[in-house]
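Participant: quick check, what structure comes out for this input:
(4 chains)
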There are 4 protein chains.
Amino acid sequence: MLETLKHELWKLHLELPKNGLVTWTSGNVSARDPETNLVVIKPSGVMFEDLQPADHVVLDLDGNVIEGELKPSSDTASHLYIYRHRPDVNGIVHTHSPFATAFAANGKSIPVYLTAMADEFGGPIPCAGFALIGGEEIGQQVVEHIGTSPAVLLQNHGVFTIGKSAKAAVKAAVMTEDVARTTWYALQIGQPQEIASDDVAKLHYRYTNVYGQ
Amino acid sequence: MLETLKHELWKLHLELPKNGLVTWTSGNVSARDPETNLVVIKPSGVMFEDLQPADHVVLDLDGNVIEGELKPSSDTASHLYIYRHRPDVNGIVHTHSPFATAFAANGKSIPVYLTAMADEFGGPIPCAGFALIGGEEIGQQVVEHIGTSPAVLLQNHGVFTIGKSAKAAVKAAVMTEDVARTTWYALQIGQPQEIASDDVAKLHYRYTNVYGQ
Amino acid sequence: MLETLKHELWKLHLELPKNGLVTWTSGNVSARDPETNLVVIKPSGVMFEDLQPADHVVLDLDGNVIEGELKPSSDTASHLYIYRHRPDVNGIVHTHSPFATAFAANGKSIPVYLTAMADEFGGPIPCAGFALIGGEEIGQQVVEHIGTSPAVLLQNHGVFTIGKSAKAAVKAAVMTEDVARTTWYALQIGQPQEIASDDVAKLHYRYTNVYGQ
Amino acid sequence: MLETLKHELWKLHLELPKNGLVTWTSGNVSARDPETNLVVIKPSGVMFEDLQPADHVVLDLDGNVIEGELKPSSDTASHLYIYRHRPDVNGIVHTHSPFATAFAANGKSIPVYLTAMADEFGGPIPCAGFALIGGEEIGQQVVEHIGTSPAVLLQNHGVFTIGKSAKAAVKAAVMTEDVARTTWYALQIGQPQEIASDDVAKLHYRYTNVYGQ
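Facilitator: Next up, the predicted model:
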């Protein structure tokens, strides 16, 4: 069931360690199938290199396991909360990527110092409040604070990204760490100027409407 | 003798350079066989890529070499001291992983700024005092300071981690460097707030009792 | 058409992720064929690992697409502006490499603290002003500020490098990040002294006239 | 001629990029054959991945090329100066490794904050003065400042390491960057205490006399 989506998710999960966004078993990707509203997610506590397409767990939006022999990610309730409140979202990624999480540890959002950030995010990456793991509190923080951004930081925790597909959410996760890293480097050697908000808007419009094939 | 354990140790030793925890020949993993109380450990001064399963040295808890043609790790006496004083421990890892060792160089413990740290460690990673290499003084420092944590820093030196298996100790070593790195990054851009101790306890309880398969 | 140049560009594009200069689809290389004045450039928004030699787009210096089914890089107008104003240039590279872009985010040039920088660049790497993406404004900034250097920073954006061949421009891009990184590290532990300008000139002369085969 | 030594040098040269000590063509290794006093060295400006055993250049201690069709490294005169003044040395490595070079850019030696540094170096890594490239001035700086250490920094430039074999010098180069990196990290989060000099001596004695096989 949903074999294509499981295979896509399996490949996308491998992008997380490849891009240095996760360590050991931390982090996860989920995808919603737009036709059935079923969600496919990583099983809990499995190493990325051991993960197989068939290991993924399929749930409905209320958290009932529809298929899968493994226990789903401990972030499942939060993923489902986001899908229920954001019908535009079909992919979610969670990471502890180090530079972005350094901002999160300080409860700081990431300002727009870089054109690459204006391109992908269209504004600052906001920082949500602290929430315990296991329930849907993290999902509530994400929905409340992410706004129109594809990414949000979670205080003392890490990063959630969303997208209209799982691949788009993975791209946002990769770009979050990329801009967090360069921003962090920039802050050590001076006080960068933020890009003017109308320029941010122009860059974001071009990137999302003209850039690419 | 203990071929399965040697093979497991050989594979776990390769995780150390793969995760950036060691350089050249530094660092080592040992395992205790719970049935015989015999300990298998890395030979001294051997490159990780040259190490073979049969190269590992088998000793009893008093330091008598039971099998092996190579000289055991110069940290052997300290590993054995830990095994004698911590019957719950069947795996030990030593590394000079760079971010954690930066805290050790300053004699500083690592506070709990990250949920990932609450999850794995259940509290700060303490820093033990300075000890010379070769005897069991390092083992004494580890036993005296590690408490209920799976990891401890050694002043001006590096990291020791313990676990109920060698794999658990390797996981703790990987996670130590991961949280040390993000904590270090966080400290360069602000002064993070520690997670409240009751939240640390809840996170650690969930991670050790609910998380995973 | 220009199959050799496309193949060379395909291989050079792979040097960008290999050297940590780009993330996801960002960054591009172009080359001018000295005989025909035609320019070959990366298509817009294509992952480096998916790129094939035949995907590259061929344009004349006025921006007319001569061959290629994909849309050219959104930096094409700026590349062409540079080729029109710098007949000595046959290769251009654009990256968001993290350490160099940290200087760019602060609007700071990179001073000559390192003999490696004197060798390759013969002086500081200047920082040009801010420009929006898509038109030739970036090319104007590059031409106005790069002077005799093979590299220039773009405020809040990234790096452009030029060379008498695409390979020379790629080398300059790799060396820009290398010297930016070490300079950044040096600035965190002190205030380095700049190398005297006559020594910079001697080092650069030797490197460009004696060094190599 | 000296085919074994050329093959060893070819393999050792590949350790430099593998350990992140060099970029593009920078850096080199040489070895002296103790029987003939001939020196084998990297050719100038050749990429490490393109280098073949037969590409190495053989010279006598006066700089006469005995064998080899390529131009020798531009650091050759300095290598030969070191060999002439240090009969105990049969291997030399030069790198621009980033963390160690950050200390060099500031004209700072690296103090002994780490047992790994006491082990390998037996004291601080000193920093020599500035010298131009191409002649034997760098060799003079090395000989004057390196003392009993296997490594020395060159102001505004990089690192030279020496050893009784080329492999020992490569190991010293790898360990130099390793301790430079952790020391640099340590300095960003506090002011580490130096290890007492008698403890440094004990650690170094044990490491050079007891450690290893």
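
Participant: in chain A, which residue is most central in space?
Facilitator: A centroid search over chain A (CA atoms, centre = their mean) returns A:T161, at 2.1 Å, as the residue closest to the centre.

Participant: grab the nearest non-local neighbour of the closest residue to chain C within chain A.
Facilitator: Shortest chain A-to-chain C distance, computed as CB to the nearest CB: residue-wise this is A:G212, at 3.0 Å. Quick note: C-beta positions are derived from backbone N, CA and C, even for glycine. Among residues not flanking A:G212 along the chain, C:G45 sits closest, at 3.0 Å (CB to CB, 6 or more residues apart in numbering or on different chains).

Participant: what do you get for A:D75?
Facilitator: Here the residue nearest A:D75, using CB to CB, 6+ apart, is A:H94, at 5.5 Å.

Participant: list the helices and strands the helix or strand encompassing the one you found packs on?
Facilitator: A:H94 belongs to strand A:91-95 when elements are defined using DSSP states H and E. On a contact count with 3 or more CB pairs under 8 Å, 6 or more residues apart in numbering or on different chains; DSSP states H and E, strand A:91-95 meets strand A:28-32, helix A:76-85, strand A:158-163, helix A:166-188.

Participant: okay, those in a markdown table with mean pLDDT next?
Facilitator: Listed next are the helices and strands packed on strand A:91-95 as a markdown table, based on pLDDT from 0 to 100:
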| stretch | mean pLDDT |
| --- | --- |
| strand A:28-32 | 98 |
| helix A:76-85 | 98 |
| strand A:158-163 | 98 |
| helix A:166-188 | 98 |
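
Participant: run through the residues of chain A sitting next to chain C.
Facilitator: Within chain A, the positions lying close to chain C (CB under 8 Å from any CB of the partner chain) are A:113-116, A:119, A:171, A:174-175, A:178, A:181-183, A:185-186, A:188-193, A:195, A:199, A:202-203, A:206-207, A:210-213.

Participant: helices of chain A, start to end?
Facilitator: For chain A, the helices defined by DSSP state H cover A:3-18, A:76-85, A:98-105, A:115-121, A:137-145, A:166-188, A:197-209.

Participant: report the buried residues of the first one.
Facilitator: Taking 16 or more other CB atoms under 10 Å in any protein chain shown as the neighbour-count basis, helix A:3-18 is seen to contain the buried residues A:L5, A:K6, A:E8, A:L9, A:W10, A:L12, A:H13, A:E15, A:L16.

Participant: contact partners for A:V89?
Facilitator: A:R32, A:I82, A:Y83, A:I162, A:G163, A:K164, A:A169 (CB atoms under 8 Å, 6 or more residues apart in numbering or on different chains).

Participant: gap between it and B:Q141?
Facilitator: Distance of A:V89 to B:Q141, given as CB to CB, to the nearest Å: 50 Å.

Participant: check A:L9 too.
Facilitator: Where B:Q141 is concerned, A:L9 sits at a distance of 45 Å (CB to CB).

Participant: again, but for A:I82
Facilitator: Taken as CB to CB, the span from A:I82 to B:Q141 is 46 Å.

Participant: then A:S78?
Facilitator: Here A:S78 is placed at a distance of 41 Å from B:Q141 (CB to CB).

Participant: now A:F48
Facilitator: Distance from A:F48 to B:Q141, by CB to CB: 35 Å.

Participant: more crowded one of the two?
Facilitator: Taking neighbours as other CB atoms under 10 Å in any protein chain shown, A:F48 and B:Q141 compare with B:Q141 leading, 23 against 20.

Participant: got a pLDDT number for that one?
Facilitator: Among the per-residue scores, B:Q141 shows a pLDDT of 98.

Participant: residue contacts, it?
Facilitator: With CB under 8 Å, 6+ apart, B:Q141 has these contacts: B:A128, B:G129, B:A131, B:V152, B:L154.

Participant: ok, of the residues you listed, which one's closest to chain A?
Facilitator: Looking across those and measuring by CB to the nearest CB, the closest to chain A is B:V152, at 19.4 Å.

Participant: how many residues are close by the spatially closest residue to the closest one that is not a sequence neighbour?
Facilitator: Once flanking residues are discounted, B:V152 sits nearest to B:I146: 4.1 Å by CB to CB, 6+ apart. Neighbour count for B:I146, taken as other CB under 10 Å: 21.

Participant: give me the neighbour count for the residue in chain A positioned nearest to chain B.
Facilitator: As assessed by CB to the nearest CB, chain B sits closest to A:G45 within chain A, at 3.0 Å. Look at A:G45: counted by other CB under 10 Å, it has 17 neighbours.

Participant: now do A:P87
Facilitator: 10.

Participant: show me what counts as buried in stretch A:186-206.
Facilitator: Applying 16+ other CB under 10 Å to stretch A:186-206 flags A:A186, A:L187, A:I189, A:P192, A:I195, A:D199, A:V200, A:K202, A:L203, A:H204, A:R206 as buried.

Participant: what separates the residue of chain A at minimum distance from chain D from C:Q188, distance-wise?
Facilitator: Using CB to the nearest CB, the closest approach of chain A to chain D is made by A:Q188 at 9.0 Å. As judged by CB to CB, A:Q188 and C:Q188 stand 6 Å apart.

Participant: quick revisit: check contacts around the residue of chain A closest to chain B.
Facilitator: A:T25, B:Y211, B:G212, B:Q213.

Participant: in CSV, list these along with distance to B:A105, neighbour count and pLDDT.
Facilitator: Shown next, in CSV, are the contacts of A:G45 (distance: CB to CB, whole Å; neighbours: other CB atoms under 10 Å in any protein chain shown; pLDDT from 0 to 100):
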residue, distance to B:A105, neighbour count, pLDDT
A:T25, 30, 19, 94
B:Y211, 32, 17, 88
B:G212, 34, 14, 89
B:Q213, 38, 10, 91
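
Participant: between those residues, which sits nearest A:Q52?
Facilitator: For these, the minimum distance to A:Q52 (CB to CB) is 13.5 Å, reached by B:Q213.

Participant: hmm, that closest one is touching A:M47, no?
Facilitator: No. With contact defined as CB atoms under 8 Å, B:Q213 does not count as touching A:M47 (11.1 Å).

Participant: common neighbours of these two, please.
Facilitator: Common neighbours of B:Q213 and A:M47 (CB under 8 Å, 6+ apart) do not exist.

Participant: near the closest residue to A:T36 other than its chain neighbours, how many other residues are there?
Facilitator: Leaving aside its chain neighbours, A:T36 sits nearest to A:L2 (7.8 Å; criterion: CB to CB, 6+ apart). Using other CB under 10 Å, A:L2 is surrounded by 20 other residues.

Participant: what sits against A:L2?
Facilitator: Counting by CB under 8 Å, 6+ apart, A:L2 has contacts A:D33, A:T36, A:L38, A:V40, A:V58.

Participant: wait, A:L203 touches C:A131, no?
Facilitator: No. Under the criterion of CB under 8 Å, A:L203 makes no contact with C:A131, lying 10.8 Å away.

Participant: how close does A:G20 get to A:P34?
Facilitator: 30 Å.

Participant: the more surrounded of these two?
Facilitator: A count of neighbours by other CB under 10 Å puts A:G20 above the other of A:G20 and A:P34, at 14 against 11.

Participant: on the pLDDT front, check the more buried one for me.
Facilitator: 97.

Participant: who's in contact with A:S30?
Facilitator: With CB under 8 Å, 6+ apart, A:S30 has these contacts: A:L9, A:V39, A:V40, A:I41, A:K42, A:S73, A:T76, A:H79, A:G91, A:I92, A:A166.

Participant: who's it bridged to?
Facilitator: Legend: beta-bridge partners of A:S30 under DSSP bridges are A:I41, A:I92.
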